[in-house]
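Visitor: Requesting a structural model of the entry that follows:
(chains A and B)
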Amino acid sequence: MKIEFLFWRECPSHPEARALLDEVLAARGLAVEVDEHEVTTNEEAQRLSFPGSPTIRVDGRDIDPAGASARPALNCRIYHLPDGRVSPVPTREQLEEALLQ
Amino acid sequence: MTVGLGTEAPQFDLPGVDGQNHSLDSYSDAEGLVLVQSCNHCPYVQAWEGRLSAIAREYADRGVRVAAVNSNDVANYPEDSFEEMQKRASAEGFAFDYLFDEPQAVARVLGAERTPEVFLFDRDRKLVYHGAIDDSRDEEGVSQQYLRDALDAVLSGEEPAVSETPAVGCSVKYR
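Guide: Sure thing, here's the model as predicted:
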């Protein structure tokens, strides 16, 4: 399993998202190395199809496919909660579901 | 650098999504003026904007006016264009004014760094509270109502017990 964690430093959500990812991996007993990468320019955001920070991909699949097609840019990524609210970090359930696929 | 407590409110004259221009003078009757650095695209803003509308509604009868100001660079963030601001304000039913600071002048004078970031000015238009709306982007996790508490203090002629908190959110997108 390959996990990529892409982030933009100006958005403050990435430490929380990374901690959540590590929690979920530990809870599942998955000793997977996370490939963490800082996106620093708009050109790089375009090249990596980076729809916002943080973006997490498991074996190349975005954990939130609905949000993966957003315009690549250096910004904070929008995640939609099951109840319709908006969050700058994914839910634990989104991460768990992505790891199960 | 962000302005300090006691600083006078900046002069401005900005177009609002309601089709009217709004200046500092147009809020001259307000007992308290809340300027919130804001935008469309930021998830932190979107997480808080419902609560900001609730505050605008609940304090309107007490003479408080709330204006969100979007100063972001629309060349790189077209989601924050004036047209998109109008669409979002209409779709979400904002209860506050939503102003477009295309020159980024208000953001620069205030030294705003985040969206959302609150600047509360009292009756004399001196800054009396700066920072976050409350202490949690997740509404269910709120334990401290910073802006409401500051407004209650201002309306009682007192200084807020908490006058500065860290604003948590997206960066202001300066050119």
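
Visitor: ok, now which ones touch the spatially closest residue to B:Ala107 that is not a sequence neighbour?
Guide: Nearest non-adjacent residue to B:Ala107, counting by CB to CB, 6 or more residues apart in numbering or on different chains: B:Ser71, 3.6 Å away. For the C-beta atoms, the positions are set from N, CA and C on the backbone; glycine is no exception. Going by CB atoms under 8 Å, 6 or more residues apart in numbering or on different chains, B:Ser71 touches B:37, B:39, B:101-102, B:104-108, B:112, B:172, B:174.

Visitor: Return a ChimeraX selection command for the buried portion of the residues you listed.
Guide: Under the burial definition 16 or more other CB atoms under 10 Å in any protein chain shown, those of the contacts of B:Ser71 that qualify are selected in ChimeraX by:
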select /B:37,39,101,104,105,106,107,112,172
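
Visitor: now, which of the contacts of B:Ser71 lie within strands?
Guide: B:Gln37 (DSSP state E).

Visitor: List just the nearest of the contacts of B:Ser71 to B:Glu164.
Guide: Closest approach between these and B:Glu164, by CB to CB: B:Ala112, at 14.0 Å.

Visitor: wait, that closest one sits on B:Cys170?
Guide: No: contact criterion CB atoms under 8 Å: B:Ala112 and B:Cys170 do not qualify, at 11.3 Å.

Visitor: who in chain A is up against chain B?
Guide: Within chain A, the positions near chain B by CB under 8 Å from any CB of the partner chain are A:10-13, A:42, A:71, A:73, A:75-79, A:85-88.

Visitor: Any of these buried? List them.
Guide: Applying 16+ other CB under 10 Å to the residues of chain A next to chain B flags A:10-13, A:73, A:75-79, A:85-88 as buried.
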